[in-house]
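# return atomic coordinates for the entry below.
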Amino acid sequence: MKIRFGFVSNATCLWEASPAKTVTFKRYNMLGPDEGMEKLLSVTRQNIENTLRVLQYNTAHQIEIYRMSSSIVPLATHPEIEWDFVDPFKKEWKQLGDWVSAHKMRVSFHPNQFTLFTSPKPGITQNAVTDMEFHYKMLDAMGIADSSFINIHVGGAYGDKESAIVRVHDNLKLLPGHVKARMTFENDDKTYTASETLSVCKKEGIPLVFDYHHHLANLSNEPLNELLTEVISTWSQAGVVPKIHISSPKSAGEFRSHADYIDLEFIMPLFKVLRELGQDVDFMIEAKMKDRAMLQLVEDISKVRGVKRVSGGAVEC
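This is a model prediction of the structure:
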């Protein structure tokens, strides 16, 4: 069994390397169309450059799993701008994709919580389609759209979970097939349990990204080993091993909030079940300290009896 570890967006060990610098619409308007566009181009270029710096940092540390920032391109989907963020940076996007491919990295995106397909409002669904297409365009510009995934939550219940689930299946029909083919769903900490999300995934043929912390905050009825077996099955045609999100509660009173680092004891029940199943997985670390938390967890888990660290970002047992 092999576990690879990754982190989200920003490498905290790098100086001034945020890939999510932004330009607000208010600032854009204040600058005017010409200066505003120059600002968008400048910030986007900087974000792409910083993304490359993080990818290079990952390679130096033998980290093969990474979630890119959804904020690389400011105002990319704003209805009053709708600017071309691909053509001005063709070389730079390709450089990102070439690095990912050359170093066999698994990268992904995770749009925000407003990208959902349960809403009864057509406008919200159309915004979700637009946002998913935007993320796909970035992957396509990098040349890695066929090997990367875009992960979202199912969405809200709107007071009637059964009707909302029906809408998910209806609304997903509006998503272009090539984009849907690269999406995953994740169980959440308040509304849709892993079991409920699994039902959606099975019907749509979509892999499920299992979030262990969310699962404990919003439990399914099945034993963990049975649930994980079902989750793993959704990845059978994906061409990659299952991905699992890892985080720890900030405190007992703030159980749903993420702590700075990962408490090894908190995730040990999950680790033991995966070990019993003999299942290779990729862990995406969602702790506040990002790469530092990831590297610390790799070090901590490598001290468990029978576990061997095989690279900077992976263990075997």
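
# show me what the worst-scoring helix or strand of the chain on mean pLDDT is packed against.
Sorted by mean pLDDT, DSSP states H and E, the helices and strands of the chain end with helix 25-31, the least confident at a mean of 93. The helices and strands touching helix 25-31, judged by 3 or more CB pairs under 8 Å, 6 or more residues apart in numbering; DSSP states H and E, are helix 33-60. All C-beta spots, glycine's among them, are computed from the backbone N, C-alpha and C.

# return the set of buried residues in the helix or strand that residue 296 is a member of.
Here residue 296 is covered by helix 290-301, with elements defined by DSSP states H and E. Neighbour-count burial for helix 290-301, counted by 16 or more other CB atoms under 10 Å, picks out 290-298, 300-301.

# ok, now stretch 145-155?
145, 147-155.

# nearest spatial neighbour of the residue nearest the centre of the chain, chain-adjacent residues omitted?
Geometric centre of the chain, nearest residue: residue 110, 3.7 Å, by CA atoms, centre = their mean. Closest residue in space to residue 110, ignoring its immediate chain neighbours: residue 151 at 4.8 Å, by CB to CB, 6 or more residues apart in numbering.

# got it, and residue 158?
Nearest residue to residue 158, sequence neighbours excluded (CB to CB, 6+ apart): residue 164, at 5.4 Å.

# tell me how far the strand or helix carrying the one you found lies from the chain's centre.
Element membership of residue 164 [criterion: DSSP H and E] is helix 161-171. Put simply, helix 161-171 sits 23 Å off its chain's centre (CA atoms, centre = their mean, to the nearest Å).

# run through who's touching it.
Residues from elsewhere that reach helix 161-171, judged by CB atoms under 8 Å, 6 or more residues apart in numbering: 117-120, 125, 128, 154-158, 191-192, 196, 199-200, 203-204.

# contacts made by whichever helix or strand comes after it with the rest, please.
Downstream of helix 161-171, the next assigned helix or strand under DSSP H and E is helix 177-180. Applying CB under 8 Å, 6+ apart, the external contacts of helix 177-180 come out as 132-133, 136, 145, 150, 172, 204, 206.

# ok, now with 6 Å
With CB atoms under 6 Å, 6 or more residues apart in numbering as the test, helix 177-180 has contacts from 132-133, 136.

# partner strands of the following helix or strand past that helix, with direction?
The helix or strand immediately downstream of helix 177-180 is strand 183-186, counting by DSSP H and E. Sheet pairing here is set by DSSP bridges, and for strand 183-186 it gives strand 149-153 (parallel), strand 208-211 (parallel).

# before we move on, back to that, let's see the helix holding residue 164 as PDB, backbone CA atoms only.
Only the C-alpha atoms of helix 161-171 are listed here, as PDB (Å, rounded to 0.1, in the frame of the first residue of the first chain):
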ATOM      1  CA  LYS A 161     -33.000  17.200   0.100                       C
ATOM      2  CA  GLU A 162     -34.900  14.700  -2.000                       C
ATOM      3  CA  SER A 163     -35.900  17.400  -4.500                       C
ATOM      4  CA  ALA A 164     -32.400  18.800  -4.500                       C
ATOM      5  CA  ILE A 165     -30.900  15.400  -5.400                       C
ATOM      6  CA  VAL A 166     -33.300  15.200  -8.300                       C
ATOM      7  CA  ARG A 167     -32.200  18.700  -9.400                       C
ATOM      8  CA  VAL A 168     -28.500  17.600  -9.300                       C
ATOM      9  CA  HIS A 169     -29.100  15.000 -11.900                       C
ATOM     10  CA  ASP A 170     -31.300  17.300 -14.000                       C
ATOM     11  CA  ASN A 171     -28.900  20.300 -13.800                       C
END
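
# would you check how far apart the nearest residue to residue 317 once chain neighbours are set aside and residue 3 are?
With sequence-adjacent residues excluded and distances taken as CB to CB, 6+ apart, residue 317 is closest to residue 307, at 4.4 Å. From residue 307 across to residue 3, the span is 9 Å (CB to CB, to the nearest Å).
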